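Peer 1: any chance you can model this:
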Amino acid sequence: MSSERWIPLDVTDCDESPFVQFHRWFDEAAVEMHEREAIALVTSTPDGHPSARMVLLRHLDVTSFGWFTNYDSRKGQELRANPHAALLWYCEPLGRQIRIEGVASLMSAAESDAYYQSRPRGHQLGAHASNQSALIGSRGELQARVDDVTQQFEGADVPRPENWGGFRLTPTRFEFWQHRRDRLHDRVLYTPDGAGWIRQRQAP
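Peer 2: Numbering: from 1, shown residues only. Now for the predicted structure:
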């Protein structure tokens, strides 16, 4: 990475809305990243044991961020027991990351249905076949389950499983991080202030 690509970031460079600022960086990453929707999701048990994994950002508007999963998966169970969660988006080519913290909630059935119906049929069948995060004996066991549900829904639409759908995270904190020389990075923090947000610089 050339130093010319490490664009300085000051509080005054950032939009008043962290959502607008996220969209700005997300759009600029479109030509730089193969899969810019990949985002780390961190959840935790009620007693504070964290876990992290990559998910795909499938919902993005001016109030929330969202993804879809099996509600009975580890992340699904942890989010329902403790809705406080964090997201991390990283763009290595531009030396940028965005940290987002907030509270997660279930999307409506209609929202989950709409996204599910947009998925390839193989993905729909997989959602029925896999008890996500459960232990299985072999790959063959999984394939046998896929074969069963393929036969079950042959010639018919594949309905969304009741235990599969979307989560949305409503942020309470953002941090925009820009790589700079000598580890003197630029960091801009957003915290809520009534109906708006306060922007402040943080030390690297």
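
Peer 1: buried residues in the helix or strand containing W197?
Peer 2: Using DSSP states H and E, W197 sits in strand 196-202. Neighbour counts over strand 196-202 (16 or more other C-beta atoms under 10 Å) mark 197, 199 as buried. Bear in mind the C-beta positions are built from the backbone N, C-alpha and C, glycine included.

Peer 1: ok, how many other residues are close to D27?
Peer 2: Using other C-beta atoms under 10 Å, the number of residues around D27 comes to 10.

Peer 1: which element follows the helix or strand where it lies toward the C-terminus?
Peer 2: Using DSSP H and E, D27 sits within helix 18-28. The helix or strand immediately downstream of helix 18-28 is strand 38-44, counting by DSSP H and E.

Peer 1: so for the longest helix that the chain contains, mean pLDDT?
Peer 2: Secondary structure of the chain read by DSSP state H shows that its longest helix is helix 139-152. Here helix 139-152 scores 96 as its mean pLDDT.

Peer 1: how about that helix, which residues are buried there?
Peer 2: Those would be 145, 149, for helix 139-152 by 16+ other C-beta under 10 Å.

Peer 1: next: stretch 103-123.
Peer 2: In stretch 103-123, counting by 16+ other C-beta under 10 Å, buried: 104, 106-107, 111-112, 115-116, 119.

Peer 1: now pLDDT and secondary structure too, for those residues, in CSV please.
Peer 2: CSV is the format used below for the buried residues of stretch 103-123 (pLDDT from 0 to 100; DSSP: H, G, I helix; E, B strand; the rest coil):
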residue, pLDDT, secondary structure
A104, 98, strand
L106, 98, strand
M107, 98, coil
E111, 97, helix
S112, 98, helix
Y115, 97, helix
Y116, 97, helix
R119, 97, coil
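
Peer 1: quick check, nearest of these to H34?
Peer 2: R119 (20.1 Å; C-beta to C-beta).

Peer 1: tell me which helix or strand L125 sits in.
Peer 2: L125 belongs to helix 121-129 when assigned by DSSP H and E.

Peer 1: for the residue of the chain positioned farthest from its centre, what are phi and psi?
Peer 2: Of all residues in the chain, G155 has its C-alpha farthest from the mean position, at 33.2 Å, by C-alpha atoms, centre = their mean. With angles defined as degrees, to the nearest 10, G155 sits at phi 80, psi 10.

Peer 1: what's the distance between it and Q124?
Peer 2: Between G155 and Q124 the computed distance is 14 Å (C-beta to C-beta, to the nearest Å).

Peer 1: check P8 too.
Peer 2: P8 sits 46 Å away from Q124, going by C-beta to C-beta.

Peer 1: pLDDT score for the residue most central in space within the chain?
Peer 2: The centroid of the chain falls nearest to L57 when counting by C-alpha atoms, centre = their mean (4.3 Å). At L57, the pLDDT value in this model is 98.

Peer 1: just checking, it touches M33?
Peer 2: No. Between L57 and M33 there is no contact under C-beta atoms under 8 Å: 12.0 Å.

Peer 1: give me the secondary structure label for F176.
Peer 2: With DSSP: H, G, I helix; E, B strand; the rest coil as the basis, F176 sits in strand.
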